[in-house]
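Participant: this is a predicted model, with the sequence first.
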Protein chains: 6
Amino acid sequence: MLSLQTRVYDDEALTYDGAQLAPHFLYRRFELMGDALVAFAGPADVALDHMVDLEDVKKKAPIASDRMLHFLGEWFIDSLDQGILLQHLFVGGIYECLLERGIRALRRRGNDIYFDDRKVSVSIATKSPVSVLMHSAVNIENTGAPIPVAGLAEMGVEPWSFAREVLERFQRDCAVWRNARVKVLPR
Amino acid sequence: MLSLQTRVYDDEALTYDGAQLAPHFLYRRFELMGDALVAFAGPADVALDHMVDLEDVKKKAPIASDRMLHFLGEWFIDSLDQGILLQHLFVGGIYECLLERGIRALRRRGNDIYFDDRKVSVSIATKSPVSVLMHSAVNIENTGAPIPVAGLAEMGVEPWSFAREVLERFQRDCAVWRNARVKVLPR
Amino acid sequence: MLSLQTRVYDDEALTYDGAQLAPHFLYRRFELMGDALVAFAGPADVALDHMVDLEDVKKKAPIASDRMLHFLGEWFIDSLDQGILLQHLFVGGIYECLLERGIRALRRRGNDIYFDDRKVSVSIATKSPVSVLMHSAVNIENTGAPIPVAGLAEMGVEPWSFAREVLERFQRDCAVWRNARVKVLPR
Amino acid sequence: MLSLQTRVYDDEALTYDGAQLAPHFLYRRFELMGDALVAFAGPADVALDHMVDLEDVKKKAPIASDRMLHFLGEWFIDSLDQGILLQHLFVGGIYECLLERGIRALRRRGNDIYFDDRKVSVSIATKSPVSVLMHSAVNIENTGAPIPVAGLAEMGVEPWSFAREVLERFQRDCAVWRNARVKVLPR
Amino acid sequence: MLSLQTRVYDDEALTYDGAQLAPHFLYRRFELMGDALVAFAGPADVALDHMVDLEDVKKKAPIASDRMLHFLGEWFIDSLDQGILLQHLFVGGIYECLLERGIRALRRRGNDIYFDDRKVSVSIATKSPVSVLMHSAVNIENTGAPIPVAGLAEMGVEPWSFAREVLERFQRDCAVWRNARVKVLPR
Amino acid sequence: MLSLQTRVYDDEALTYDGAQLAPHFLYRRFELMGDALVAFAGPADVALDHMVDLEDVKKKAPIASDRMLHFLGEWFIDSLDQGILLQHLFVGGIYECLLERGIRALRRRGNDIYFDDRKVSVSIATKSPVSVLMHSAVNIENTGAPIPVAGLAEMGVEPWSFAREVLERFQRDCAVWRNARVKVLPR
C-alpha cells in the first residue's frame, strides 16, 4: 500500500478498448511511474477477445458505451486477493459519492451500481506478472450499450468534479489504511 | 477469503470491554469455528490498557457508550493489510446501509461515521498470531460517551434489522470477491 | 484453501495431451468455477512441446499411454510451493488407496508410484498467472507407453470406484486441513 | 522449504508434556539450528493448559500415554497453512510406512491413524512468531491413555528402525518437493 | 517498502539496553508513526535476558560499550526474511561509508564490521507481531566492551555527520529499490 | 533463501544479448537446477526489444560493451521485492570488493557503480512466472559502449579472481542471512 498518484485527464477523449488494461500502460501513456489511478472520458468498446471477465466472455457479453468516465489503476503488489479488495473499496467510494448527492433509486450489487434498475458501472481487476490492474467506469451518457444503462448525465452529475471527488476520497482512504496498519497494537 | 459465518445474538446484552478482541473468542463464547462475524448489543467500556489503537492510547481517549451495536469478526488470514481492507469494506457497508435509508447529514472519514457532526461509530482491526480481528460498533443510544456522539435511535434505525442487513450485505460481497478472484483472465 | 469441488466424468473418453493443463480449463470445459479437481479417463499423449517437466523435456521423455485415469485440478492460490505440497498429498492419497486394498509390490518414490517395479503414475504441478494447476494420472491399461508400465486393470482395481474414493479422501482431507488452521492456539 | 536436518535420539527417555512445542526448543535442547525434525521416545503427559488443540481443550481431552515415539519438528516459515500441509505429509508418511509392512486393520482419518479401531497417533501443528512447530507421536505401548489406543509393540514394529525409516522418507520427499519447484515450466 | 522517515537525535544521550527493540517504540518515544529509522548515541548495556540473538544467549555473550552510535529501525512488513535483507543492506551502507573515507584495515563478515581485527559493530533484526525491528550500532569509543573493540573516534570519524550520511544513503537506496520494483518488465 | 550454487565459466566467451534473462536459462545452458548465480565474460549487446528496464526503453538507451564480466542469477522465489533486495546486496558486494582493493574515485548511486565519473556497471532484476532473475555486469574493457564507461582493466583488476571473490562473498552472506533468520528470538 504505497502512496498513490492520481490524475484527471479532462482535456481529450480516449477510447477504452481493453488494451489499456496492461502493465505499465500508465507509464507508457502518461509518464506515471508506480502505483497510480487516473480518470479520463471517452467511448468504451471492448471486443470479446480483449475481455478478461471469463463469465462475460462465455456469455458473449461485450462492453460498449458511447461515453463513460473511466478510472484506470495499477498497483505494484503481488496479491490479486488484495487487488480485488482495493477494487471493491474503490467502487464502494463511487457508490457513496452518488448516494451522498441525494440521488435515489440507486442500488449496488457486488461491484455493479444500478440507477432505476439500469446498470451504471462496469469494473474488473486482474493480475499482470508485476502488478494488479483495475478498470472501473461509469456511463456518462446512457447510449451505445448492448443492455439498458443509466448515466451520470441523467442523474445530473457533472463528470469531472465527480471524478475528482472519487479520486480524492480514495486517496484519502488509502492514507487511512496505511495509518491503520502502523498504529495498532497486536493481540 | 474463506466463506464467512455470520450470527446475530439479539437475546442478551453483552458488554464490550476490549477483552473480546482476542483470537478464538468467537469459538470459546459462541462455538463458531473459522472465519466468522457476529453482532450483539450492549455497553462499550474499554479501558486504556485494553485499547489497541495507539493514537487513542497516547491521547488517553478511552471508548465508552451506554449501548452500542457491536460487530466482532475474526479471519484466519496472515495479512494485516488485507484485514484492514476487509475492515474498511465492512465499515463502508454500514455507511451504505445508513445512506440508503435516506438519512441525511451523514459523513464518513476513513472508518469513522458521523451524523450531524457527531461520531456514530468506532472500528479497529488488529492481528493475532493466527488471525486478523475486527471490532466495529455503532452507537444505539447517544449517551455514556466521553465526546458528543449520535446513535441509531435518533436516526430512527431499528438495530436488529440493521444488523442483519449489514451482515447479509457483507456476506454477499464476500462471495462476490471470491468469485472475482477465480473468473478473471490474467494480463 | 477454499472448499474444493470434485467431479467424476465417467461417460466419455477424453485424451490428455497437455493442453488441458491451462488456467480456467475446468471452467471452459466443465463449467466449474473456482478450486476444483476432476477425474476422467482416456489416452495420454503429451508431445515434448506441451510438457512442463523440464527434466523430461531435456531427456526427451514424452508421456504416452493407451488409457489412463486422469485427475486434473486447479487451485486459485499464489504459492507454487503450497501447490506442490497439495499435489504430493494428492498422490499420497492415491498410493494409500492402493495399499489399503492389500495390493503388494507397491512402491512410491516422490510422486511416482510403482507396481512390480513398473511405473503406474505420472504427476506434475505448475503455476499459471492466477492459479496452481495439477495433472496426476494412473495407467488403467499397461500399453502404449514408451517404458514398461503397470495399470489398474492388472491390479484388479475398477477405475471409477477408485476415482471416487481418491477424490472423496482428498476432499475430506482438505476439510481437515482447513479445520486444523482455525482451531489451533499459537505458541 | 529449506533442507531439513533429522536426528534420532534413541539413548534416553524424554517425557513430552507440551512445553517442547516451543520455538527454538530443538536448538536449546539439541543444538539443532534451522529447520529440523527429531525423534525420541518417552511418556506423553500433556495437561490441558499446555494443549494447543482448542477442540481438545474444550472437550477437556488431555493427551497421555505410557510410552510414545515422538516426532518434533520446526520449520522457519511464515505460513501456518503450509506448515499444516507439511504436517499431513509427515503423518501420511507414517501411515505409508505402517501399510507397507503389510499390517492390516489400519485406517487414517485426517491426521489420526487407527489400528483395529483404536487410536495410534496424535498430531498437531501450530505457529510461533518465527516458525511453524509440529508434534506427531505414535504409541509404542498401548497403556496409560484416557481412551483405548493401539501401539507399535502389538503391531510388531520396532520403534527405532521405524523412526529412521519415517524420517528418511520425509527427508527424501522434501528433496523431491524442492526439486519439483525449480524444474517446472509455467503455463 | 514504504517511504522511510529518518531522524538524528544528537542532543541527548540514550542508553540502549534492549528494551528499545520493541514494536512502536519509535512512536512512543519519538512520535514517529510508520516505517522509521533513527540515530542516537549513548552506552550499550544489554543483559542476557534482553538479548534476541540466541547464539549470543547460549554463549552468554552480553553486549556492552561505553558509547555507541545506535541506529534503531522499524518496518511494518510481515516478512522477517525481507527484514533481514534490509538489515544487511543497512550494515553494508555503514561499511561503504567507512571504506569511502579511505580507512584501511576494515573488514566485514556478515553483519559484523572489524577495524584492525577488532569488532566495530553489532546488529540484529527480529520480528514483532506487526513489524520487523532492527538495531545496528557502531562503537564511538572503544571502551566498556567485554571483548576488544574499535570505535569511530580512533578512526577519526565524527559520529553525527557519519550518522547523517548513513541515513541519507539508506533512504536514497530505498527510493531506488521502490523505483526498481515498478519500472521493470517481466520475463 | 535456499542454498545457492555458484559457478565461474572462464573458458569461453559468451555474448549477453538479454535473451539469457529467462527462467531456467541456467539449467538449459549449464545444467544448474535451482537457485544459482554464475559468472562469464563476453560482449554485451542488448537491443531495445530485449531490455526490461522501462526507463531505458523509453530513453532508447540500449546496453552495449565490448567485454563485460557478467553475473547471471535465478532465485526460485515469488517476491520481486525480495529479489530486488538480493540484487542490491549483490551489487553492494561488487562495490565493496572494489573499495577493499584500495581503488579510489569510486562511487555508487543505487545499483550503478562509477569510477572516475564513468559508469562501470549495469544491473537489473525482474520476475518470471516461477522465479526472480538478475543480470549484473561490470565492464572489463571500456570500449564499445554508447556512453563513457570505465572497466576493470584500467583499474588493474583481474576479472576471474574478482568474479570468484564476488561470488564467494555473496554465497557466504547468503549463509549469514539464512542463519540470522533461524537464530533470532521474536519480540
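Facilitator: Nice, I can see it.
Participant: in its sheet, what does the longest strand seen in chain A sit against?
Facilitator: The longest strand of chain A (DSSP state E) is strand A:63-75. Strand A:63-75 has the following sheet partners, assigned by DSSP bridges: strand A:36-46 (antiparallel), strand A:132-139 (antiparallel).
Participant: and the longest helix along chain A, which residues are buried?
Facilitator: If you go by DSSP state H, chain A has its longest helix at helix A:159-182. Of the residues in helix A:159-182, A:159, A:162-163, A:165-167, A:169-170, A:173-174, A:177-178, A:180-182 count as buried by neighbour count, 16 or more other CB atoms under 10 Å in any protein chain shown. Bear in mind the C-beta positions are built from the backbone N, C-alpha and C, glycine included.
Participant: give me the helices and strands touching it, please.
Facilitator: When contacts are defined as 3 or more CB pairs under 8 Å, 6 or more residues apart in numbering or on different chains; DSSP states H and E, helix A:159-182 sits against strand A:5-13, strand A:36-46, strand A:63-75, helix A:80-100, helix B:80-100.
Participant: can you give me the buried ones in the shortest one?
Facilitator: Along strand A:5-13, these residues count as buried under the neighbour rule (16+ other CB under 10 Å): A:5, A:6, A:8, A:9.
Participant: tell me how many other residues surround the closest residue to the first one other than its chain neighbours.
Facilitator: Among residues not flanking residue A:5 along the chain, residue A:36 sits closest, at 4.3 Å (CB to CB, 6 or more residues apart in numbering or on different chains). By the other CB atoms under 10 Å in any protein chain shown criterion, the neighbourhood of residue A:36 contains 20 residues.
Participant: ok, now how distant is residue A:36 from residue F:167?
Facilitator: Residue A:36 sits 38 Å away from residue F:167, going by CB to CB, to the nearest Å.
Participant: circling back: hey, C-alpha coordinates of the longest strand of chain A in CSV?
Facilitator: Listed next in CSV are the C-alpha coordinates belonging to strand A:63-75 (Å, rounded to 0.1, in the frame of the first residue of the first chain):
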residue,chain,number,x,y,z
ILE,A,63,-18.8,-3.9,-23.2
ALA,A,64,-19.8,-0.9,-25.1
SER,A,65,-21.0,2.6,-24.3
ASP,A,66,-20.9,5.9,-26.2
ARG,A,67,-19.3,7.9,-23.4
MET,A,68,-18.0,6.7,-20.0
LEU,A,69,-16.0,8.2,-17.2
HIS,A,70,-13.1,5.7,-17.0
PHE,A,71,-10.9,5.0,-14.0
LEU,A,72,-7.7,3.0,-14.7
GLY,A,73,-5.4,1.9,-11.9
GLU,A,74,-2.2,-0.1,-11.4
TRP,A,75,-0.8,-1.3,-8.0
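Participant: let's check: the centremost residue of chain A is which one?
Facilitator: Centroid-nearest residue in chain A, with CA atoms, centre = their mean: residue A:136, separated by 2.1 Å.
Participant: show me what that one is bridged to.
Facilitator: On the basis of DSSP bridges, residue A:136 is bridged to residue A:71, residue A:123.
Participant: how about it, what does it touch?
Facilitator: With contact taken as CB atoms under 8 Å, 6 or more residues apart in numbering or on different chains, residue A:136 is in contact with A:70, A:71, A:73, A:87, A:90, A:91, A:94, A:111, A:121, A:122, A:123, A:124.
Participant: and the lowest-mean-pLDDT helix or strand in chain A, what's buried?
Facilitator: Using mean pLDDT, DSSP states H and E, helix A:54-59 stands out as the lowest-scoring helix or strand of chain A, at a mean of 90. Residues A:54, A:56, A:57 are the ones in helix A:54-59 that count as buried (16+ other CB under 10 Å).
Participant: what's the closest of these to chain D?
Facilitator: Compare each of the buried residues of helix A:54-59 with chain D using CB to the nearest CB and the shortest gap goes to residue A:54, at 16.0 Å.
Participant: show me what contacts that closest one?
Facilitator: B:183, B:184, B:185, C:24, C:27, C:28.
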